[in-house]
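In: what's the 3D shape of this:
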Amino acid sequence: MIVEEIMKRTVTTLSADDTISTAIKLMDEKKIRHIPIIDSSQRVIGLISDRDIRDAKPSILDFTNEDKTLESPIKKIMVQDVITGHPLDFVEEITAVFSQHRIGCMPIESNGKLVGIITETDLLHTFAQLTGANQPGSQLEIKVQNRAGTLAEVVNVIKNHKVNIHSILVYPDKDDQYKILVLRVQTMNPNKIITNLKNEGYTVLWPTLPGLLS
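Out: A predicted model of the protein is given here:
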């Protein structure tokens, strides 16, 4: 999946000379936490977040500087070293950037102009869809040998039960000779599938509820 499939194309923006109070008002009205700052060419030159505003606000005990601070231009507090993405970037790679740099949003640029934005919430919603976690079903975790064809064999077992598969994730086991398959299947009662998998010699790590897989 690429970024342009999940990004918001209507983006609330401000200029560097707009005031902090304007940003506060916009965030409150639009129920957003981040605002990209752009120049006259629609190029991203900064970013302001609700955290930046909280840090810039005077203490509640300091009544003398409050009005002066809130009427200061955004350029005084905005983050200028902004990490941006491209519409054709892969969502999985963008997620790694979010984690590595601990950012809450990413403006998306194409040909040097702002064309969209994605947030942590957008990524979480997307991965819920990709993994099928937002659909009724059951999760299976199966330990298999790390060899070609194993995934197809497991899928074929499930196919024989006429059950759809919402999603499949694969991650390495501590032992390089094995890997873990995480499957989301469209059934609330996977007992027969699990029994079949065990009879075929596979190790089912989940579910392991008492009395279910003894």
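In: contacts and neighbour counts: CA atoms only from here.
Out: OK.
In: got the buried residues for stretch 155-172?
Out: Of the residues in stretch 155-172, 157, 158, 165, 166, 167, 168 count as buried by neighbour count, 16 or more other Cα atoms under 10 Å.
In: what helix or strand is the fifth one located in?
Out: So the one you mean is residue 167. Taking DSSP states H and E as the criterion, residue 167 maps to strand 165-172.
In: moving C-terminal from that strand, which element do we reach first?
Out: Strand 165-172 is succeeded, C-terminally, by strand 178-185 (DSSP H and E).
In: before we move on, back to that, which one among the buried residues of stretch 155-172 gets closest to residue 123?
Out: residue 167 (16.6 Å; Cα to Cα).
In: identify the residue nearest the residue positioned nearest the centre of the chain in space, chain neighbours excluded?
Out: Centroid-nearest residue in the chain: residue 123, 2.2 Å away (criterion: Cα atoms, centre = their mean). Residue nearest to residue 123 in three dimensions, not counting chain neighbours: residue 95, with 7.2 Å by Cα to Cα, 6 or more residues apart in numbering.
In: mind checking which helix or strand the one you found is in?
Out: Assigned by DSSP H and E, residue 95 falls within helix 91-101.
In: so how far is that helix off the chain centroid?
Out: 8 Å (Cα atoms, centre = their mean, to the nearest Å).
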